[in-house]
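**Student:** Requesting a structural model of the entry that follows:
(chains A and B)
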Amino acid sequence: MGTTHTPLQRHGHRLMSLASLALFVTFMSWLLAMAAQVAPSGQLHTWFEPIGVSLPRHQAPLTMTQGLALAISTLLCTAAMMWPWWELRRLGRGLWQGDVISARLARVVRRLAHALVGASVVRMVVTPSVAGLFGAQVNVRLDSGLFLLVTIAIVAYAMAAIMQHAVAVQAENHEFV
Amino acid sequence: MTIIVELDVMLARRKMKSKDLAAAIGITEANLSQLKQGKVKGVRFATLEAICRELDCQPGDLLRFEKNAEQA
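**Tutor:** Prediction:
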C-alpha cells in the first residue's frame, strides 16, 4: 500500500484482507467436512468444525437421514460462520473507499452485528440438534468467548446508531452556509 | 420563514453577480442561491462577515425579520 492512503483506508484494507482469509479458511473447513462425509469407509471419526461437534465412530455407514442432516447442518453452520466475515469485508471495503460518515456504512455495521448474533444462534440451534441425531454429547460452555461475542455485537449495534446520528448531524450541517 | 433574506436586493444595488460573490466569499453558487431563496437553516458568522465585506453593507441590510400573521 502506498503512503498516500489515510489511516482509515489502511484499516479498511487490513479488514478486507483478514476477512478474505477467514472466508477462505471457513470454506476449506466446509470442504474438509464434506470430504469426511463421502469417505469410502462410511465411518465418521472427524471433528466437524463447522458444526462444532465431534461425532462418534460408527460401525455402519450413514443412513440417508443422517447423511442429509449432516450435510444440511454443515452447510448452514458454514454459511452462518461466513456471514460475519462477509459483512466485515464489506465494512473494510467501505473504509477503503473513503466512506467515513454515511448511511451506507452505518447499515453495513448494523448488518455485521446481525451476522454475529445470527451466526451464534444458528450454531446454538444446529449443534445440539445434530449431536442428538448421532447420540453425541455436546458440551455447552458459557465462557468468555460467548460473552466477548455478545459484547462485540452490542458494540457494533451502538456504533451503527452513532454513525446514523453522525449522518443526520452532517446532513443538518450541510444546510448551514 | 420569518427571516427574510434580501441578498438579491443588495447584489442589484452593488451591481454584482451571484457567481462573482460566491467565488469571492468561498461558497458554491448553489449554496448562495439557496441562501438568497431563504432555503437554508442558518448562516455562519464567517459567511455573513464575508458577504458584508464584499458588498460593503451591514447584516441588517441582508436580513429582515417579518412577523407572521399568527404572531401579529
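
**Student:** Please go through chain B and pick out the longest helix.
**Tutor:** Counting residues, the longest helix in chain B under DSSP state H turns out to be helix B:45-55.

**Student:** how about that one, does it get close to chain A?
**Tutor:** Yes - counting by Cβ under 8 Å from any Cβ of the partner chain, contacts between helix B:45-55 and chain A involve B:Thr47. Where you see a C-beta, it was placed from the backbone N, CA and C, and this is true even at glycine.

**Student:** which regions of chain A sit below the pLDDT cut-off?
**Tutor:** Within chain A, the segments meeting pLDDT under 70 span A:1-3, A:36-62, A:135-143.

**Student:** cool, and chain B?
**Tutor:** In chain B (pLDDT under 70), the answer is B:1, B:69-72.

**Student:** For it, what lies in contact range of chain A?
**Tutor:** Counting by Cβ under 8 Å from any Cβ, the residues of chain B near chain A are B:27, B:31-32, B:34-35, B:40-44, B:47.

**Student:** Where does the residue nearest to A:Leu91 when sequence neighbours are not counted fall, secondary structure wise?
**Tutor:** Closest residue in space to A:Leu91, ignoring its immediate chain neighbours: A:Val108 at 5.1 Å, by Cβ to Cβ, 6 or more residues apart in numbering or on different chains. Assigned by DSSP states H and E, A:Val108 falls within helix A:103-134.

**Student:** Show me what that helix packs onto, helices and strands only.
**Tutor:** strand A:53-54, helix A:64-96, helix A:144-173 (3 or more Cβ pairs under 8 Å, 6 or more residues apart in numbering or on different chains; DSSP states H and E).

**Student:** so which of those is the most packed in?
**Tutor:** Ranked by mean neighbour count under mean count of other Cβ atoms under 10 Å in any protein chain shown, the helices and strands packed on helix A:103-134 are led by strand A:53-54, which reaches a mean of 21.

**Student:** Could you measure from the residue in chain A positioned nearest to chain B over to B:Ala22?
**Tutor:** Proximity of chain A to chain B (Cβ to the nearest Cβ) peaks at A:Glu175, 4.0 Å away. Note on A:Glu175: its distance to B:Ala22, by Cβ to Cβ, to the nearest Å, is 17 Å.

**Student:** Of those two, give the one with the bigger neighbour count.
**Tutor:** Neighbours per residue (other Cβ atoms under 10 Å in any protein chain shown) separate A:Glu175 from B:Ala22, with B:Ala22 holding more: 17 against 12.

**Student:** Okay, and the more buried one sits in which element?
**Tutor:** Applying DSSP H and E, one finds B:Ala22 within helix B:18-25.

**Student:** Contacts for the helix or strand just after that helix, please.
**Tutor:** Using DSSP H and E, the helix or strand that follows helix B:18-25 in sequence is helix B:29-36. Contact partners of helix B:29-36, identified using Cβ atoms under 8 Å, 6 or more residues apart in numbering or on different chains, comprise A:177, B:5, B:7-8, B:18-19, B:21-22, B:40, B:43.

**Student:** List the buried residues for helix B:29-36?
**Tutor:** The neighbour-count check on helix B:29-36 (16 or more other Cβ atoms under 10 Å in any protein chain shown) flags B:31-32, B:34-36 as buried.

**Student:** Please, a PyMOL command that selects the buried ones among the contacts of helix B:29-36?
**Tutor:** Those of those that count as buried under 16+ other Cβ under 10 Å are selected in PyMOL with:
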select buried, (chain A and resi 177) or (chain B and resi 5+7+21+22+40+43)
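
**Student:** which residues does residue 17 contact?
**Tutor:** In the absence of a named chain, this looks at chain A. Taking Cβ under 8 Å, 6+ apart as the criterion, A:Ser17 is in contact with A:Gly92.

**Student:** try again with chain B
**Tutor:** Counted by Cβ under 8 Å, 6+ apart, B:Lys17 has contacts B:Leu11.
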